[in-house]
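Below are the sequence and a predicted model for it; my questions follow.
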Amino acid sequence: MAENNRGRAPLPVGEHCCRGPGGAGSLAPREGDGTMRNITGKQAVYRGTGASGGKVCGTLRFFRRPAAGRGSAPARTVSPAVELSRLRQAMAAAREQIAALHRRALSDIGRQEAEIFEIHAMLLEDEDFGETVAGGIAAGKSAEDAIEAAVQVYTRMLRELDDPYLSARAADIRDIADRLLRILSGEAQEDDASESGSFILVAEDLSPSQTVLLDKSRILGFVTFGGSSNSHTSILARAMGIPALVGVGQVSGEADGQTALLDADAGVLTVCPGQDELEAFRREQARENDAARRLEQSRRALIGRPSVTAGGHRMLIYANIGEGAEVARALADGADGVGLLRSEFLYLSLSDYPGEEVLFDAYRQIVSGMQGKKVVIRTLDIGADKQIPYFDLPREENPALGFRAVRLCLAREPVFKTQLRAILRASAFGNAAVMIPMIVSADEVRRCRRLFDECKAELICQGVDFDARMEFGIMVETPAAAVMSDEISAEVDFFSVGTNDLAQYTLAADRQNPLLTDLCARNTEPVLRLIDQAARAIHGRGGWIGICGEMAADPRLTQRFADMGIDELSVSVPHLLAVREQVLRCR
Ligand code: PEP
Ligand code: MG
């Protein structure tokens, strides 16, 4: 699994009254029965930014980054015979774990995804790798150090071959080595499903690839040391409709497993609350839940009603989704369509490049599931905080300004064309549109269109169906795209504004940095002016414009968007009804 490509900056310090040694514990929740512990620990209060509102009470679980155990074992005298026997035992345990994962993937996901564990099983038995590790042990290394040394040699060798398939194998070798190191250190399996119960997840930070692998059904809320309300963890929390508090600074490791009150509306986490506090919190929570239920009921009456302002401007209310499982919820809450399918989430959940069939299958299900309503499929937005090991991207000083999204796709045409073909094929099953992220120039758009047209020509030759009138659009999420929108609008059918990135690049304010949340909130005007410029440009050519960044759900901005003539607002599913109501309130 990828480590976040951004450097490990010093943690921003949140306000809290108690600090301990801390450190994020384990990617998998630590052992526990999911029930709340007695309130005996030391009370601590942490303050941060509420990235997704709500109140929950539950047990805290710390998550660690996956590669714990990587690198040197604690210094100790090593005996080659003992180390060899530890290695053999670890290999036997790894064999069993991989076989179990293979069985689980076969029954839960599918044959193609399960194949990765067959490859892992084969690599584990690779004679050369085994001999290199054994050679290291014979030369006096511990089992851990010998594995790490062998893995370094093999991954470098594979990556130097400059072959995407073999580079992906390097990530697999790293994965196997991490498994062996975890076993040697006595840790639980990272995907240990033996625990039950729900919990509040505490993490230093969570990369998008880590979040897609979480068992989300058990998470009551998120707390992250760093992060900001525009980070992908926050976006995910809002999509799931669960409370999230970000930028709290380091939470003491002593809090792991303790009872806590998470009040994301007030931006406060209270660890080990007193009995009175706990009871008062529960009463308040019950009151709020009742009010929320009543509000939801009144809003549900709006489903099916066109969202038109008093002045007669119609705005479509679309959903932002990351996977097919969200389609049913989007429809249930009256989405007029899907304005942003974050297609990279599927890639993030796999350990190797998905083939055209896997992608086609996923897109077809979503497109046909939306029953004729529009589905805007954004092409791969990989890079920055969304790192995928098998893409083997170079390490960058400033990944948010780096080799990401369309830049990467244009440099790796086979990967890009595989996705474009799958999207085109899915378009035959409903109303799909394609959208390219991180555009800065009309020339980039023309290059994408050429590849898109090549894919169409190939499909025609093969007699494969697609929607020849499928819309082609771009995300306006760089100031360059907005400034050049006059020229760019000549190349596309629509714009969708990614305000999360547009604000980041316009204000020179890292969207992940909690210290800049206020600065971004106070300076929406430059972003709104760029959106207005883009709206005039695309409307001038007869195209349409939507907003799919988090600003689309901000009720303080709805009137302004209506005044600009914005045609569509695309928001996470839990916001659909509130945004529809807000549009109806507009002048
Ligand atoms: C955005 O940048 O506003 C956007 C919608 O894309 P993402 O948040 O996935 O970068
Ligand atoms: Mg973006």
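Received the coordinates, thanks. All figures in this text were calculated on a predicted structure; none of them were measured in a lab. Ligands and ions are numbered 1, 2, ... in the order given.

contacts and neighbour counts: CA atoms only from here.
Fine.

how much space between whichever residue of the stretch 451-587 of the chain sits closest to ligand 1 and Ile531?
With C-alpha to the nearest ligand atom, the shortest gap between the stretch 451-587 of the chain and ligand 1 falls at Gly498, namely 2.9 Å. Noted for Gly498: a distance of 10 Å to Ile531, by C-alpha to C-alpha, to the nearest Å.

In the stretch 351-500 of the chain, mark out all the strands, start to finish.
Per DSSP state E, counting those that start in this stretch, the stretch 351-500 of the chain carries strands over the ranges 374-378, 431-436, 471-476, 494-497.

just the stretch 1-150 of the chain next, same as before
44-47, 49-52, 55-62.

Let me know which of the strands of the stretch 351-500 of the chain is tucked in deepest.
Per-stretch averages of neighbours, counted by mean count of other C-alpha atoms under 10 Å, single out strand 494-497 among these, with a mean of 29.

and that one, what does it pack onto?
Judged by 3 or more C-alpha pairs under 8 Å, 6 or more residues apart in numbering; DSSP states H and E, strand 494-497 is in contact with strand 471-476, helix 525-540, strand 544-547.

Dump the C-alpha coordinates for the last one into PDB.
Just to be clear, that refers to strand 544-547. Extracted C-alpha coordinates of strand 544-547, given in PDB (Å, rounded to 0.1, in the frame of the first residue of the first chain):
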ATOM      1  CA  TRP A 544     -23.300  23.800 -19.500                       C
ATOM      2  CA  ILE A 545     -21.400  24.200 -16.200                       C
ATOM      3  CA  GLY A 546     -21.600  22.400 -12.900                       C
ATOM      4  CA  ILE A 547     -19.800  22.600  -9.600                       C
END
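
Tell me how many other residues surround Arg446.
By other C-alpha atoms under 10 Å, the residues close to Arg446 number 14.

And it, how far from Asp467?
For Arg446, the distance to Asp467 - C-alpha to C-alpha - is 20 Å.

if we can go back for a sec, higher neighbour count, Gly498 and Ile531?
Using other C-alpha under 10 Å as the criterion, Gly498 and Ile531 rank with Ile531 on top: 30 against 24.

Kindly list the single helix or strand of this structure that scores lowest on mean pLDDT.
helix 208-212 (a mean of 67; mean pLDDT, DSSP states H and E).

Quick check: next helix or strand after it?
Downstream of helix 208-212, the next assigned helix or strand under DSSP states H and E is strand 219-224.

that older thread, please render the helices and strands packed on strand 494-497 as TSV that adds distance to ligand 1 to the earlier fields.
Conversion of the helices and strands packed on strand 494-497 to TSV gives the following (distance: least, C-alpha to the nearest ligand atom, whole Å):
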stretch	distance to ligand 1
strand 471-476	8
helix 525-540	11
strand 544-547	8
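
Distance to Glu344 and mean pLDDT added to these, as JSON lines?
JSON lines is the format used below for these (distance: least, C-alpha to C-alpha, whole Å; pLDDT from 0 to 100):
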{"stretch": "strand 471-476", "distance to Glu344": "15", "mean pLDDT": "98"}
{"stretch": "helix 525-540", "distance to Glu344": "25", "mean pLDDT": "98"}
{"stretch": "strand 544-547", "distance to Glu344": "19", "mean pLDDT": "98"}
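
Give me the number of neighbouring residues for the residue lying closest to Val45 once chain neighbours are set aside.
With C-alpha to C-alpha, 6 or more residues apart in numbering as the criterion, Val45 has its nearest non-adjacent residue at 4.5 Å, and that residue is Thr270. Neighbourhood size, Thr270 [other C-alpha under 10 Å]: 21.

Doesn't Thr270 belong to a strand?
Yes. Under DSSP: H, G, I helix; E, B strand; the rest coil, Thr270 falls within a strand.

Which positions in the chain make contact with ligand 1?
Taking C-alpha under 6 Å from any ligand atom as the contact definition, the chain meets ligand 1 at 477, 498-501, 548-549.
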